[in-house]
Structure formats: C-alpha cells, structure tokens
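A.B. asks: give me a 3D structure for the following:
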Amino acid sequence: MSLRAPARASASSARRVARPTAIVARIDRSVERDAASMSSPVSSGGFVPTPVSSSKRSSFVVRASPDGEAAKKAGEENEESGSNIRQLLGIRGGEQTTDIWKIRLQLTKPVTWVPLIWGVLCGAAASGHFTWTFENVGKSMLCMFMSGPLLTGYTQTINDWYDREIDAINEPNRPIPSGAISEFDVQVQMYALLLGGWAAAWTLDQWCEHDWPVVTVLVLFGSWVSYIYSAPPLKLKQEGWRGNYALGASYIALPWWAGQAVFGELSLDVMVLTVLYSIAGLGIAIVNDFKSIEGDRQCGLMSLPVAFGVEKAKWICVGSIDATQLAVAGYLRTIGEVGYSNALLALIFPQIFFQFKFFLPDPVKNDVKYQASAQPFLVFGLLTTGLAWGHHINAIGAFIASASALLDALALRVAAAYSLDAFPFASPTNSAARPKHSVARVKKTIAVKHGPPASVDASSPYTVASPAASTHAAPHALCSSAIPVGSSSKTRARVALFAASSSARAAAASGRSVDTSERRGGVERRQKRS
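C.D. replies: From the prediction side, this is the model:
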C-alpha cells in the first residue's frame, strides 16, 4: 500500500502539469487562426470581438479594425470643419486663417446679424401695411442688409478695434490681437461698412418717398451710439448697465423702428413700447459679459459681472429678460390682444426653463448653450409682439374709417341742409318739422368758429366751389371740393360745415332769391293747427 500511493500521487501531479500546457496550446492555435482571418474585410470600424472556440470552452481575442484609423481621421476632419464654421461666424474657438476675406467676415461676426435682421421683420409686421409684393420684399431685403451685414458689421469691427487689448487677454486668436489683419485694413473696413449703411438708408428714404428722411436719421443715430459704446472718451461699455442698455436698445429698438418706418408710420407709442422692450436686450448684453470677466477686470471695465459679481449679475440678467417680456404680455392683454398675449407667455416659459437648466448653474461655462437654447424663443416673442401691434393698428384704423364714414355722412346732410336753406335731417317738403331758429343758430356758430367766407383763399386746399356751381352741385360734390385729401375726420367734418356755410352765403350775396312761399305755407299751417 505504501508503494502504490506515491505512484498515484505522481500520476495526478503529471496530469495537473500537462493540463495547462494543453490549454495554452489550444489558445495558441486559436490565435493563429484569427491572425490568418484578419485579412478578411470588416464591415464596421473600431474594435471587433472575434470568438475563439475549443471543444470545452470559448475564448475571445480583441483585434483592431483597419477602419479605425479612417474613423479617427474623419472625426478630426469634422472637428476642423466645425472650427472653420466658428471662425466664419465669429464665434469663440474658430481657427486662425490667412485668407483676408475670411478675416474680414470674422470681424463682422455674422452670428450677431440675426437679431437685427429679425428686428426689421418685427417692425414690418408692426406697421400693419406689409404685403407680399416684389416691391415690399425688395425694401425689406435692403433694410435687413443695411441693419445686419453693414451696420452690425461696422459695430462689431469698431468694437474689436477698440477692444484689441482686452481681446489679447480673453481671445488672443481674434484677427486684430493676433496680427492677422493690419490696422489700415481694419479702418478701411470700418468706413466702408459705415458709408454703405448710410447709402442704403438714403436709398430707402427715396424709395419710400419719405418727406422727412426718417430712416437716414435712425441710421445716423445708431451709428453714433455704436461709436460712443466702443470708443473713448465716453466708451459706454465701461459704464455698466448703461452701456448694456444702449447695446440692447440698438439690437431691438432701432431695427424695429427702421422696419416700421419703411412700411408704415413710426408713432410715439410704439417707440415707447420698443424702448421698454429693450430692457430685455439689457439682459442679453449681460449674458455676453460673463465670458470676458477676467479681461474686463484687468482693464478696469466695470461690467455688471465685474461690478456685482457672478451670483448677483446672473439674477439681474434673467430678471430683466423675464420681467420685461411678462410686462409686455400684460400690456398686450390690456389693449385687447389676448391671443397674442397668450402666445407670448407660451414663449416665455421655455426661456425660464433653460435659464434654470443652463445659465443659472454656471453662467460662465454655459453662456453659449443658454443663448442657443433660449434666444429663439426670445426673438419669436419679439415677432409675436410686432404682429400684435400690427393687428392693433389695423383694428384702430378700421374703427377710425368707420367713424370717418359716419362723420362724412353727417357732413353731407349738413351741406344739403345749407344748400336748401333747411335744417339737417328735415325733408324739404316738410318745413313744418323745422325749428324756427335752427338755421340761424347753426350759421351763427359756424361764423363765430370759422370766420366769414371772405377768409377762404382761392389757392387754399379748402377752396370751395363757385357760387354758380354750388347752387346746382350735389352735396357730395360740394364736400369733395372742400375737404383735402389726407385730412383727419374732425378736420373733414369742420371743413364740410364751413364749405356749406360759405356756399350758402356766397349764393345769397350774388343776389339769388330765396323762395319764401314754402316758409309762409309752413307758418300758415302751424297757425291753423294752433
């Protein structure tokens, strides 16, 4: 027994040693088979698991796909393409280039054109007179080109020129601090864009046949604001909220005014509304200040994030944006535009959601994400407000037209009464229904308020028809000759009354006899009834 036990132990030990050797041999054969199969095509890139089988178990060997390097190269190309796009749009992170025209485009920051182009559309909608004709589309395109590429491009170029020292700290890859463009080329671009904007404004005034060059005046004012915002000695961007409000008003109010002036009339009430709406533009300008905190602090620029700190500034920012839009929604409800007010409220709530999701947690890191997510709702809110105002203007115009039609009808009856020496609303054959003193009282009132007929100048637009013509003229012809085109309803009514009185007095002065038989008959009938 003692001799057999060691023999069995030796046999089991040999088997334990041989078993791992066999396993390793099987794995080696599997690896060789996989190496031979690597020359076969692979359908997808990356790393592909290849099964290795044996009689008792399965093993896996990971091998690299030949398309992995191609996918990596494609990713690098996509990243390079995205960097090119950012460079052209003037967004941070764009690559540097030596192409002078790409550099010029980058200086104008095309991404900032969109709010002003949209503001022109809002102003056109607020005018209530925009129609889809070739002429109106041409006017709108010229106005958008003036507001976006020309004047906004000028504003961004002059801002980069005077901020070149700050950009050397915050964005050293910008064209001017990096030396990619010369000082002479920058100045040539500034003046070319500015003069182009002025020429476009003058062209619009001539095209729209404005008596007063309102678009040119707006462009001159906006150019001046752009200059004092960036250039010393004023440099409004150093003044904290005042500079931010000036920038926000330039982005919201000025293009709105230009669009409305091209297609309608610019009124004081809509100017006040857009100036108040520009408080939301103040918040948008504050969002752009968070990315430049370090450079502003080193250069002594008192932006709101520098003056109040990040925590307070971010709440001032979202508060100005939300409170302004909520106030405008309430105002639209008070003037009867309930549907547009509800639409504006529906566009405000997504902005509040993105504020809490992106901006408030980290305004420095997530400023671009927030603007990309929330700004579309803001600009559509602007368009909603413009449409609401245009609808309101058209409703007021319809009401005034109805009231003017009623006053015209009244003026015609009054003119008919004077031409027949009868009281308004009384039939010529029913003289008994006329009050005794009515004609004299009305004539006396007109003479006191408007003066005698001799005060009417023959060259005046209020000149009435001649006595001979007025004797036989119809009442509507008399009024049409007395009322100038474009007068208000009150003026038209007064002119109609004055014209009727003048024609009656002129007819009496020319010796036209008044038949008193009707008057005597009326007196006799009243005496019989009494």
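
A.B. asks: my guess is S250 contacts W224. True?
C.D. replies: No: look at S250 against W224 with CB atoms under 8 Å: they stay out of range, at 10.4 Å. (Each C-beta comes from the backbone N, C-alpha and C, glycine too.)

A.B. asks: same drill for those two, tell me which one is more crowded.
C.D. replies: Between S250 and W224, counted using other CB atoms under 10 Å, S250 has the larger neighbour count: 25 against 10.

A.B. asks: ok, that one - contacts?
C.D. replies: Residues near S250 by CB atoms under 8 Å, 6 or more residues apart in numbering: 155, 222, 225-226, 229, 281.

A.B. asks: is E239 in contact with L301, as I believe?
C.D. replies: No: using CB under 8 Å, E239 is not in contact with L301, being 9.5 Å away.

A.B. asks: so which of those two has more stuff around it?
C.D. replies: Neighbour totals were compared for E239 and L301, and L301 leads with 21 against 16 (other CB under 10 Å).

A.B. asks: what helix or strand is that one on?
C.D. replies: If you go by DSSP states H and E, L301 is not part of any helix or strand.

A.B. asks: separation between M146 and Q260?
C.D. replies: 14 Å (CB to CB, to the nearest Å).

A.B. asks: these two - which one has more neighbours?
C.D. replies: Q260 (31 against 25).

A.B. asks: name the nearest residue to that one, sequence neighbours excluded.
C.D. replies: G123 (3.8 Å; CB to CB, 6 or more residues apart in numbering).

A.B. asks: next: K291.
C.D. replies: Taking CB to CB, 6+ apart, and ignoring the residues beside it in sequence, K291 has D367 as its nearest neighbour in space, at 5.8 Å.

A.B. asks: give me the pLDDT for that neighbour.
C.D. replies: On pLDDT, D367 comes in at 87.

A.B. asks: surely it and Q355 touch.
C.D. replies: No: judged on CB under 8 Å, D367 makes no contact with Q355 at a distance of 11.6 Å.

A.B. asks: please enumerate the helices of the stretch 301-450 of the chain.
C.D. replies: 304-308, 310-334, 338-354, 367-419, 438-450 (DSSP state H, counting those that start in this stretch).

A.B. asks: which strands or helices does the longest one pack on?
C.D. replies: Using 3 or more CB pairs under 8 Å, 6 or more residues apart in numbering; DSSP states H and E as the contact definition, the elements that helix 367-419 packs against are helix 113-127, helix 241-263, helix 268-289, helix 310-334, helix 338-354, helix 438-450, helix 475-482, helix 489-509.

A.B. asks: give the contact list for Y370.
C.D. replies: 287, 354-355, 358-359, 363.

A.B. asks: can you give me the distance of it to A323?
C.D. replies: Y370 is 18 Å from A323, by CB to CB.

A.B. asks: then G196?
C.D. replies: According to CB to CB, G196 stands 37 Å off from A323.

A.B. asks: settle it for me: which of those two has more neighbours?
C.D. replies: More crowded of G196 and A323, by other CB under 10 Å: G196, with 17 against 13.

A.B. asks: quick one: contacts for the residue nearest to the more buried one when sequence neighbours are not counted?
C.D. replies: Take G196 and drop its neighbours on the chain: the residue closest to it by CB to CB, 6+ apart is L150, 4.7 Å away. Contacts for L150 (CB under 8 Å, 6+ apart) come out as 193-194, 196-197, 200.

A.B. asks: do you know the pLDDT at L150?
C.D. replies: L150 is given a pLDDT of 96.

A.B. asks: contacting residues for the residue nearest to G153 when sequence neighbours are not counted?
C.D. replies: Take G153 and drop its neighbours on the chain: the residue closest to it by CB to CB, 6+ apart is T108, 3.3 Å away. Applying CB under 8 Å, 6+ apart to T108 gives the contacts 90, 149, 152-153, 156-157, 193.

A.B. asks: between the residues you listed, which is closest to D296?
C.D. replies: The nearest member of these to D296, counting by CB to CB, is Q156 at 17.6 Å.

A.B. asks: next helix or strand past the host helix or strand of the closest one?
C.D. replies: Per DSSP H and E, Q156 falls inside helix 153-162. Following helix 153-162 in sequence order, the next helix or strand is helix 164-170 (DSSP H and E).

A.B. asks: mean confidence for the helix or strand that comes right after that following helix?
C.D. replies: Sequence order places helix 175-178 as the next helix or strand after helix 164-170, per DSSP H and E. Taken as a whole, helix 175-178 carries a mean pLDDT of 90.
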